[in-house]
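# Below are the sequence and a predicted model; questions follow.
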Number of protein chains: 4
Amino acid sequence: MGNSFGKLFKITTFGESHGKALGVTIEGCPAGLPIDEEKIRLEMQRRKPGQSKITTQRKEEDEIEILSGVFEGKSTGTPIGIVIRNADQKSKDYSHISDKFRPSHADFTYFEKYGIRDYRGGGRSSARETAARVAAGAIAKQLLETKGISVQAFVTQVGNLKLEKAYQEMDLAEAENNIVRCPDPETAEKMIQLIDSVRLERDTIGGVISCVIKNTPVGLGEPVFDRLHAELGKAMLSINAVKGFEYGSGFEGVKMRGSQHNDAFVKEGDHIKTTTNHSGGIQGGISNGQDIYFNVAFKPVATIMQDQSSINEAGESVTVSGKGRHDPCVVPRAVPIVEAMAALVIADYLLLSKSNKL
Amino acid sequence: MGNSFGKLFKITTFGESHGKALGVTIEGCPAGLPIDEEKIRLEMQRRKPGQSKITTQRKEEDEIEILSGVFEGKSTGTPIGIVIRNADQKSKDYSHISDKFRPSHADFTYFEKYGIRDYRGGGRSSARETAARVAAGAIAKQLLETKGISVQAFVTQVGNLKLEKAYQEMDLAEAENNIVRCPDPETAEKMIQLIDSVRLERDTIGGVISCVIKNTPVGLGEPVFDRLHAELGKAMLSINAVKGFEYGSGFEGVKMRGSQHNDAFVKEGDHIKTTTNHSGGIQGGISNGQDIYFNVAFKPVATIMQDQSSINEAGESVTVSGKGRHDPCVVPRAVPIVEAMAALVIADYLLLSKSNKL
Amino acid sequence: MGNSFGKLFKITTFGESHGKALGVTIEGCPAGLPIDEEKIRLEMQRRKPGQSKITTQRKEEDEIEILSGVFEGKSTGTPIGIVIRNADQKSKDYSHISDKFRPSHADFTYFEKYGIRDYRGGGRSSARETAARVAAGAIAKQLLETKGISVQAFVTQVGNLKLEKAYQEMDLAEAENNIVRCPDPETAEKMIQLIDSVRLERDTIGGVISCVIKNTPVGLGEPVFDRLHAELGKAMLSINAVKGFEYGSGFEGVKMRGSQHNDAFVKEGDHIKTTTNHSGGIQGGISNGQDIYFNVAFKPVATIMQDQSSINEAGESVTVSGKGRHDPCVVPRAVPIVEAMAALVIADYLLLSKSNKL
Amino acid sequence: MGNSFGKLFKITTFGESHGKALGVTIEGCPAGLPIDEEKIRLEMQRRKPGQSKITTQRKEEDEIEILSGVFEGKSTGTPIGIVIRNADQKSKDYSHISDKFRPSHADFTYFEKYGIRDYRGGGRSSARETAARVAAGAIAKQLLETKGISVQAFVTQVGNLKLEKAYQEMDLAEAENNIVRCPDPETAEKMIQLIDSVRLERDTIGGVISCVIKNTPVGLGEPVFDRLHAELGKAMLSINAVKGFEYGSGFEGVKMRGSQHNDAFVKEGDHIKTTTNHSGGIQGGISNGQDIYFNVAFKPVATIMQDQSSINEAGESVTVSGKGRHDPCVVPRAVPIVEAMAALVIADYLLLSKSNKL
């Protein structure tokens, strides 16, 4: 249990960090959707390691292979199977951590839960699994494009460094023009310097990714447990290293009065909109047609290039030494993952909403 | 879709604010659990309206009736059906809002989604639905008690007023001794005054509820999409008025370095623990045996006792006037709802974890 | 687990034979469907005990109460909660079987599975649970009517007495004109006599119900595991006392050659049809627009008015004596149950099919 | 939807007949199970084409590759991904049927449902998909072996030729000693001759597979909709060409009286058993510890080596000519498929039953 996400547009992933391959099965993609493999590859590039000095220098080509569900360039309505081979799963030496529990990793909990674990690079608990999600999300995005819906994520905080501008004040496309993926070039530069200095200290740091979804139709969301923001929240919290989720006014909204926080409805031409959007585009768990926006908090990466004390499977005190090539800050590479998960949720709820009325 | 929650310990609710009754079906409760109806009633009392000057003065007795699944005082393994009659569903006059979209309510989105809506008190979108959750959660709590697991929620913020003590520094049971449900009596008093002053201004205010789960076994959580905290997050975000969820270090953790944030494992006697708990008791989506703790942000209640401008179903500008008896702040009554949803998640994952190993 | 059926049009039932009430929650009924309570009551009448000399003489009024999901006569898209009170659950004396395992009932298996059982009238394992299904199915039928789809079941075999006419040769509506529900009056009369003679022998007998679904659109069915006939089969096999299911040519089709069995496609006007229909209206698990038809085998009722040897919970040899008022043959009253389950499947697959194409 | 099967032990398949590969993801396999790849290969051999003169002469090696979920020879509790490459997917020429609807195939229904179809060898509707099921079922079987549970299927009817012996009178292992997989050598010989004569007539014929499951514990099954036999029935009906399912006394049981049909409980030593087993090992949808047995009806294969009239996508009358290498009778190769699906159901219900009691 736990390897599937979605109800009608549904994905199931498999694969470990250093196993033979990762894979994803995408069910429920409506038939007749042109599938552009190049766009999938571009999303994989945005996530892949080694893309800049502030990400891990590990090399993975993350080449996707579509095994089914696409015929003559279009989806057929049958499941789309995709496999991503792991490039160098055989070569690594993991003997230095094979019986140790790395602090704030999942080594201990997997071992206790299952009584056995694939210790190579964290096995299934590695963020490498998200490569499969990005491939699936790239197809969900192509579905959303046909409906004019866009999903864009970007970095808004690294450590204490917080982008103070509202998303409406910036050209969000700008985020893809710098290696930290922050749409404000000035702040981006500071973030890059901060991450680089942390890297040189052989340490890591956390960050926040924000995401904006535009042009969703009114009516997406399944009350009461499957409210649209509840599913978005679950989707985000299922990403490695995520510690929090808030949408619309979020935790700051707590401080407001109802009279300030309420979003007034007005009609502009034929179109009903709200004058403010503290609701974050979702009311009663259902999209209201305004922009959906939310924030996702990522903790500092647990793997640091320093010695740490811990215990091993035998319960003995041991030292865990940092080794290998790891990200000093996860947010630049997590941007496409946030988008992928958001796109999967919206695609799923689009299909679900088709049965609302007679 | 969307009216069920849980996989093995699963609930399905029905009912509108001013329909005949609310109800919940609880599936998967293991057989042989003694069911104490009095404990269910106590939880209903904690949630019910009219319990103090800072909650709505509306009267609902919220009397539960168990229709099935319990025989001679014990669960039988078959579904437990519970009905809660609505006391005065017939009498109210809703003509003043029957075609108006109240700001930041679900009136507009339900109408657009379904083309029809039960406008009486918000219908299905009303927080009244959570009464059914509290009844079900009270049974989940009884299951957890047999395993020594406790779930306790309490108020830690109202507006700008934030309780600064860590939960370990307080007697959490103290929360039930004041009407705002804050475990620090001094802060509680200030919160009560704040809410009361907001009420007199005919306005509303937001707040934060924190929750601590103690004594969970190691191993609860289903990677990768159904991580324990992802399901807890969804559970919380499915509660009316919730805008955010964070666990462990949460949004504050973003600011830390990995070297500070990592929780070191140590062995004490036969017991493995961590020296700090920024992980919030969950690593890789799986409980590690430390306390699980999280925060839930609630927006200010949308119904205010003031005139607001809006539009109606015909798209005409209208004035919505506050009327009736409503909560100036939702958090005091939402404490048992947070506990109920948390208990349901933990009960479900306890059952799921039974099949981890051979 | 196991108390829900359906994916988008989904029901969840609760209730024991002699508990306070049965209930069903219907999710996913599209909004705006006029709900005719009288039609639900008519279906309940068709199923209820005491309707003729060849059914049990037990009295249950089976009065339904709709608690939610219907507003001003129409479905609102929110869950429809229905409760059916058990008339006389308190009065019965079950001490004569409270610790005995009745042969070919579920007493033994429930006791072993759960360690506890509600022995009154079989508890949850009683066919009384199907009353909740019939109520839900009556709403599904109303949805199908809006699409011109009809579902009709009828008795085609009692013991060795088999109706030899094909369904196309008869007026199926005739089935409701006799107490055994066989559309051929002559055979019906023989069946009634057979059941009555079995009843006088204080014994019981099995039978077969056939069902025809007309006017389904092409395209219902979800390959590969959720083929339309696989879901219909599961639905039928989930009815008490059912031992077998076959559709189209069924077990007889085994004897045919491919050259005989294949259904040739032809075009008539704008309409594609097949010249024969051994496929039973389903090809590759997907409806092809032809009539869907299938047979369901019911075993002889396990409760007989005779002494039988068995054992009790302590493992001692005991005699189980027949007592009370029971059906000598279940098929007359099971006709509306078969229709209800078939209607639920078709309604569900109608909604599912909405997301097939872009 | 429809590509997954099971609740806790769950499989998801992808792949078309002539696409690049088939695949299956197996979730919920308990950790620590030794995985014997050789046993998986043996099951693949039993299903693969070209194994005898009475099966298709097509060649597929059906080589499996395990991509995840197994570490150092044991399951890790994470999903097991398996891929089976299609040997010669590129070479075939399908232009002769690319726009034609083959009689009693799924060409027409897929085309109407999805508006597009992979016409190569039936695409997703081909029985080739069952190769993925057999691989997954081979792992389920290994889980069952650790509990002493065996699943054995065998052919009991081909056309009119019916094996009249009860399964208890034969050595079932004998079935694997002849190419038709019938445990009675004499009948096997006749069946082989019958199939061979049908093949020479360029025609096809149907058959019945029976299956016996021994040593299941008491208590498997989830009332009321997910009765054990309902799930077994669905599993079987989801196999290509299946037209019917019956368990225990089945359709023949209809003819019996309750006094004959009821299975009396007796105690033998510490063990409770029934003197007869018309129940087929399942009472009230829950296993009672006796042998579970059932029959599955397969229609004659739709592809025949003869000319047939049909229509094409444009609605024009066309002739479909038999071509290629096809099975004259599907049952010999379907035996391992029936076993695989049965093993998957039992494995799933074993895990589900772990949460029945406190």
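Okay, I see it. Residues are numbered from 1 along each chain as shown, chains lettered A, B, ... in the order given.
# ok, the residue of the stretch 51-200 of chain A found nearest chain C - contacts?
Going by Cβ to the nearest Cβ, chain C is nearest to residue A:77 of the stretch 51-200 of chain A, at 5.8 Å. Quick note: C-beta positions are derived from backbone N, CA and C, even for glycine. Applying Cβ atoms under 8 Å, 6 or more residues apart in numbering or on different chains to residue A:77 gives the contacts A:29, A:30, A:31, C:356, C:357, D:110, D:113, D:114, D:116.
# Where does confidence bottom out across those?
Least confident entry in those, by pLDDT: residue C:357, with 91.
# pretty sure that residue contacts residue A:31?
Yes. Using Cβ atoms under 8 Å, residue C:357 is in contact with residue A:31, at 5.3 Å.
# which residues do these two both contact?
Overlap of the contact sets of residue C:357 and residue A:31 (by Cβ under 8 Å, 6+ apart) consists of A:77, D:114, D:115.
# Please identify which of these is nearest to chain B.
residue A:77 (20.4 Å).
# on that earlier part again, looking at the contacts of residue A:77, point me to the pair that's furthest apart.
A:29 and D:110 (15.2 Å; Cβ to Cβ).
# Which residues of the stretch 251-358 of chain A lie near chain C?
Residues of the stretch 251-358 of chain A that fall close to chain C, judged by Cβ under 8 Å from any Cβ of the partner chain: A:351, A:352, A:354, A:355, A:356, A:357, A:358.
# can you rerun that using 7 Å?
Those residues of the stretch 251-358 of chain A that sit near chain C, judged by Cβ under 7 Å from any Cβ of the partner chain, are A:351, A:354, A:355, A:356, A:357, A:358.
# where does the first one fall, phi/psi-wise?
Meaning residue A:351. Residue A:351 adopts backbone torsions of phi -70, psi -40, taken as degrees, to the nearest 10.
# Just list the residues touching it, thanks.
A:8, A:9, A:28, C:355 (Cβ atoms under 7 Å, 6 or more residues apart in numbering or on different chains).
# from memory the second one sits against residue A:348, does it?
Yes. With contacts counted by Cβ atoms under 7 Å, residue A:9 reaches residue A:348, the gap being 4.2 Å.
# quick revisit: report the two of the contacts of residue A:351 separated the most.
So, these by Cβ to Cβ: farthest apart are A:9 and C:355, at 8.1 Å.
# tell me, what's touching those two both at once?
A:28, A:351.
# Let me see the mean pLDDT of stretch A:316-332.
Stretch A:316-332 shows an average pLDDT of 90 in the prediction.
# For it, buried residues please.
Across stretch A:316-332, burial judged by 16 or more other Cβ atoms under 10 Å in any protein chain shown covers A:318, A:320, A:322, A:326, A:327, A:328, A:329, A:330, A:331, A:332.
# Using CSV, write down the CA coordinates of stretch A:134-143.
Taking C-alpha atoms only, stretch A:134-143 is exported to CSV below (Å, rounded to 0.1, in the frame of the first residue of the first chain):
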residue,chain,number,x,y,z
VAL,A,134,8.1,13.8,-12.7
ALA,A,135,7.7,11.6,-15.8
ALA,A,136,4.1,11.0,-14.9
GLY,A,137,3.5,14.6,-14.0
ALA,A,138,4.8,15.6,-17.4
ILE,A,139,2.0,13.7,-19.0
ALA,A,140,-0.6,15.2,-16.6
LYS,A,141,0.8,18.6,-17.6
GLN,A,142,0.2,17.9,-21.2
LEU,A,143,-3.4,17.0,-20.4
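# any idea which element residue A:141 lies in?
Using DSSP states H and E, residue A:141 maps to helix A:130-145.
# Tell me what angle the following helix or strand past that helix forms with helix A:130-145.
As assigned by DSSP H and E, the chain's next helix or strand after helix A:130-145 is strand A:150-158. Calculated by axes from the mean of the first three to the mean of the last three Cα atoms, to 10 degrees, strand A:150-158 forms an angle of 130 degrees with helix A:130-145.
# List the pairing partners of the following helix or strand past strand A:150-158 within its sheet, with orientation.
Toward the C-terminus, strand A:150-158 is succeeded by strand A:161-162 as the next helix or strand (DSSP H and E). Strand A:161-162 has its sheet partners listed here by DSSP bridges as strand A:150-158 (antiparallel).
# How far away from the center of its chain is the partner strand?
In terms of Cα atoms, centre = their mean, to the nearest Å, the centre of strand A:150-158 is found 10 Å from the chain centre.
# can you list contacts of that strand?
Against strand A:150-158 from outside (Cβ under 7 Å, 6+ apart): A:141, A:144, A:162-163, A:172, A:175, A:180-183, A:191, A:194-195, A:205, A:207-215, A:295, A:329, A:331-332, A:335, A:338-339, A:342-343, A:346, B:254.
# Now, those residues that are in strands?
A:162, A:207, A:208, A:209, A:210, A:211, A:212, A:213, A:214, A:295 (DSSP state E).
# per-residue confidence at the residue nearest to the first one when sequence neighbours are not counted?
Translated: residue A:162. Once flanking residues are discounted, residue A:162 sits nearest to residue A:156: 6.9 Å by Cβ to Cβ, 6 or more residues apart in numbering or on different chains. pLDDT, residue A:156: 98.
# Count the neighbours of residue A:156 for me.
Residue A:156 has 26 neighbours, counted by other Cβ atoms under 10 Å in any protein chain shown.
# Now do it against chain B, distance only.
Distance, residue A:156 to chain B, by Cβ to the nearest Cβ, to the nearest Å: 10 Å.
# Could you report the distance from the residue of chain A positioned farthest from its centre to residue A:220?
Distance from the C-alpha centroid of chain A peaks at residue A:269, with 36.8 Å (Cα atoms, centre = their mean). For residue A:269, the distance to residue A:220 equals 23 Å [Cβ to Cβ, to the nearest Å].
# Repeat that for residue A:123.
35 Å.
# same deal with residue A:98?
Counting by Cβ to Cβ, the gap from residue A:98 to residue A:220 is 46 Å.
# hmm, back to that, neighbour count: residue A:9 and residue C:355, which is higher?
residue A:9 (27 against 23).
# roughly how far apart are the more buried one and residue C:77?
With Cβ to Cβ as the criterion, residue A:9 and residue C:77 are 20 Å apart.
# Same question for stretch A:192-212: list its buried residues.
A:192, A:194-195, A:198-199, A:203-212.
# One more: stretch A:265-282?
Residues of stretch A:265-282 classed as buried by neighbour count (16+ other Cβ under 10 Å): A:265, A:272, A:274, A:277, A:278, A:279, A:280, A:281, A:282.
# now, which of those sits nearest chain C?
residue A:282 (17.3 Å).
# need the contact list for the closest one.
Residue A:282 neighbours (Cβ under 7 Å, 6+ apart): A:221, A:228, A:229, A:247, A:248, A:288, A:292.
# And for residue A:117?
Counting by Cβ under 7 Å, 6+ apart, residue A:117 touches A:107, A:110, A:111, A:123, D:76.
# From residue B:326, how far off is the closest residue to chain B within the stretch 151-300 of chain A?
Residue of the stretch 151-300 of chain A nearest chain B, by Cβ to the nearest Cβ: residue A:284 (2.3 Å). Residue A:284 sits 16 Å away from residue B:326, going by Cβ to Cβ.
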